[in-house]
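Novice: requesting a structural model of the entry that follows:
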Amino acid sequence: MLQTHPLRSVFRLPPPPLWFVTNGDLTVGPVVTDLLIRGVEHGRVPDYCHVRAFEGDWRALLGVREIAALNGMISHGPSPEQLAEWGHSVERLRDEDELCHTVTWLSLMVTGAESAMFHYRGRLGRTLFTRSVIGPVTNARLGYPLSEHDLVLRSARHGIPVQGPPYGPVEDELSKRFATSQGGVGAAAMIPIHIEGQLVAMLELSRPGHAFRRTDLQRAERIVQRGLGARTN
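Specialist: You can find the predicted model right below:
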């Protein structure tokens, strides 16, 4: 039976960015991203232009993710139809090991992470065990419980996600789990999964590049919620 309670996200999305655009002589703005994209598509914003967010530094036009995707420099990511199909597929899984591995792998796909760990308590358990490890990192944690003194776990119990470069004590502890990664940890994220007010899982991600986008983390969150929510009903 599928879940009937609503899926809520731990992430609060910021307002859409506003951009200033310059060709070196003339500066216009602020404009929303969709208007910037249309300007590029119709040739009114040449590739040599620079942009900056309302509060930010100037960067090359191709430094805007949506513009880079428009020019084929990065993947557009999975389509809404693909995401919907993935969501349906995880809802049908009944084997715990297969479910843990599948939601972890799909989370890499939607976020662009290099490595991921998934900690899950199971249907009747109280302690979170590391159930899946994917990527070029050691799997020495696999099958072991998280310590109750773990700072990342404490954050998860309060429903607080971790996101960004490893600058604070919680981010540092999260990054240490991926310390064996050959590329290093440029960005790390932890998504707590609560169902009916209870922490049931934690998804952890890392990559050597820039910080994860909140919208991508929300997609991963929704996939895990759907998979685990179907098991709890």
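
Novice: next, give phi and psi for Val28.
Specialist: phi -130, psi 160 (degrees, to the nearest 10).

Novice: then His42?
Specialist: In terms of degrees, to the nearest 10, the main-chain angles of His42 are phi -100, psi 10.

Novice: quick one, what contacts Phe212?
Specialist: By Cβ atoms under 8 Å, 6 or more residues apart in numbering, Phe212 lies in contact with Thr111, Gly112, Ala113, Gln163, Ala187, Ala189, Leu205. C-beta here means a position set from N, CA and C on the backbone, and glycine is covered the same way.

Novice: grab the nearest non-local neighbour of it.
Specialist: Once flanking residues are discounted, Phe212 sits nearest to Ala189: 4.8 Å by Cβ to Cβ, 6 or more residues apart in numbering.

Novice: state the mean pLDDT of the longest helix along the chain.
Specialist: When the chain is scanned for its longest helix (criterion: DSSP state H), the result is helix 214-231. Average pLDDT, helix 214-231: 86.

Novice: now this structure, which segments are flagged as low pLDDT?
Specialist: Counting by pLDDT under 70, the ranges of the chain that qualify are 1-7, 11-15, 55, 69-84, 86-87, 123-124, 230-233.

Novice: domain assignment for it?
Specialist: According to automatic domain parsing, the chain comprises the domains 1-76, 80-231.

Novice: this structure: helices as residue ranges?
Specialist: Under DSSP H, the chain gives helices at 33-41, 65-70, 80-91, 96-111, 151-157, 169-176, 214-231.
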